[in-house]
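Trainee: How does the following fold in three dimensions:
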Amino acid sequence: MLCFDCTNNIAEYEACALGLQAAVERKVKILEVFWDLALVIHQLKGKWETRDNKLVPYKEYIHRMVERFEKIDFYHIPREDNRLADALSTLSSMFHISGKDQPLIKIESRDQPTHCCALEVEQDGKPWCF
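Mentor: Predicted coordinates for the structure are as follows:
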C-alpha cells in the first residue's frame, strides 16, 4: 500500500498556488515551474490521478490559474538535484521569528545576471586583467 502524508501535500499545493499567484500579479505570461515533489507535478500535468478529496480543490484552483498564462510548463526535479531548495530549507531552519517580528523579504528581478551588476568600470576604459 502506498500512502502519502496529505498535510504535506496540501502545503505543497498551497506553495505552488502562491507562487503562481505571485507570477500572475507580476503579469508573467510564460512560466516554467520546477518542483521536487513528483506527486504534485504529475497530478497537475494529468499523468496521475488526484485521489485524495482534500487535494482536489487545490488542483482545480491551480488549473484555473494556469489558464491565465500564455504558456506554462511543469517540471519535476529530483530532491537530490535541487540544491537551492536544500540551501533555503537549511537557512530557514536557522531562524526563529515570533508573531509580529516577521521581516519584510524583498525580491528583486534583474534584467541581466547579477554578476554583471557587481562589475566596476575602469576609469581608463580598459578592462582590468588578473
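Trainee: the strands in this structure, which residues?
Mentor: 30-35, 71-76 (DSSP state E).
Trainee: Those: which one's closest to residue 63?
Mentor: Ranking those by proximity to residue 63 (Cβ to Cβ) places strand 71-76 first, at 10.5 Å. C-beta here means a position set from N, CA and C on the backbone, and glycine is covered the same way.
Trainee: what's that closest one packed up against?
Mentor: Contacts defined by 3 or more Cβ pairs under 8 Å, 6 or more residues apart in numbering; DSSP states H and E place strand 71-76 against strand 30-35, helix 38-44.
Trainee: just for the chain, where's the confidence low?
Mentor: Counting by pLDDT under 70, the chain contains low-confidence ranges at 1-8, 85, 88-89, 92, 95-110, 112-130.
Trainee: what about 50?
Mentor: Scanning the chain for pLDDT under 50 picks out the ranges 1-6, 130.
Trainee: Mind listing the residues bridging to residue 30?
Mentor: residue 71 (DSSP bridges).
Trainee: let me fix that: residue 34
Mentor: Beta-bridge partners, per DSSP bridges, of residue 34: residue 75.
Trainee: Surely it touches residue 78?
Mentor: No. In this structure residue 34 lies outside contact range of residue 78 using Cβ atoms under 8 Å: 10.9 Å.
Trainee: higher neighbour count, these two?
Mentor: Using other Cβ atoms under 10 Å, the more surrounded residue of residue 34 and residue 78 is residue 34, with 14 against 8.
Trainee: State the distance from that one to residue 81.
Mentor: 10 Å (Cβ to Cβ, to the nearest Å).
Trainee: Likewise for residue 60?
Mentor: Distance from residue 60 to residue 81, by Cβ to Cβ: 30 Å.
Trainee: now swap in residue 35 and tell me
Mentor: 12 Å.
Trainee: out of the two, which sits in the busier spot?
Mentor: For the pair residue 35 and residue 81, the greater number of neighbours falls to residue 35 (19 against 12), based on other Cβ under 10 Å.
Trainee: Please consider this matter closed, and thank you.
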